[in-house]
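>>> Fold the following for me, if possible:
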Amino acid sequence: MKIQCQIIQDFLDNLRGADVFQKRVYVNKSCQPLNGDNPRNATSFEIFFQASAVLQFEEGGEALLECGQSCGINRLSQPGTYEGSTTYTKRWNELSVFCNEHDLKIMPGVLGFRKEET
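Numbering: from 1, shown residues only. Next up is the predicted model:
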């Protein structure tokens, strides 16, 4: 089973009171170039916050919990704005406070969901 959230609050609501596998939450920052021929010569990037964890249920079973949220755009050309990184940092801080309060460890990366072969 997979649970997908679009905003950090929903992700945190699902974590609250849950048994999190190995007490680990995985977080990743990704950047999508919006212009240029390739990422090296792009000047605008959309920034994404991604988080994931595995929830374990008392009655058995597990669920992959995911959150993917666009944080905005970083514009590297003058005058330059870093709205995306600023919002990403706010989301990361929200998650960090929650994890500290609930004895969870933040790890780099994103968990993937693999379909079982039949």
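>>> is the residue nearest the centre of the chain in a bridge, and if so with what?
In the chain, the residue lying closest to the centroid (C-alpha atoms, centre = their mean) is residue 50, at 1.8 Å. Per DSSP bridges, the residues bridged to residue 50 are residue 28, residue 68.
>>> go on, residue 5?
residue 67.
>>> Okay, it and residue 66: tell me how far apart.
From residue 5 across to residue 66, the span is 7 Å (C-beta to C-beta, to the nearest Å). For every residue, glycine as well, the C-beta is placed using N, CA and C.
>>> Show me the strands in the protein, by range?
With strands called from DSSP state E, the chain shows them at 2-5, 19-20, 24-33, 44-56, 62-75, 81-82, 105-108.
>>> Any chance of these in JSON lines with mean pLDDT and distance to residue 88 as columns?
Formatted as JSON lines, the strands of the chain follow (pLDDT from 0 to 100; distance: least, C-beta to C-beta, whole Å):
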{"stretch": "strand 2-5", "mean pLDDT": "92", "distance to residue 88": "16"}
{"stretch": "strand 19-20", "mean pLDDT": "94", "distance to residue 88": "22"}
{"stretch": "strand 24-33", "mean pLDDT": "94", "distance to residue 88": "6"}
{"stretch": "strand 44-56", "mean pLDDT": "95", "distance to residue 88": "5"}
{"stretch": "strand 62-75", "mean pLDDT": "94", "distance to residue 88": "4"}
{"stretch": "strand 81-82", "mean pLDDT": "91", "distance to residue 88": "9"}
{"stretch": "strand 105-108", "mean pLDDT": "96", "distance to residue 88": "14"}
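>>> Distance to residue 90 added to those, as a markdown table?
Output for those, formatted as a markdown table (distance: least, C-beta to C-beta, whole Å):
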| stretch | distance to residue 90 |
| --- | --- |
| strand 2-5 | 16 |
| strand 19-20 | 22 |
| strand 24-33 | 12 |
| strand 44-56 | 9 |
| strand 62-75 | 8 |
| strand 81-82 | 12 |
| strand 105-108 | 15 |
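>>> Looking at those strands, which is nearest to residue 13?
Minimum separation from residue 13 across the strands of the chain (C-beta to C-beta) falls at strand 2-5, 8.3 Å.
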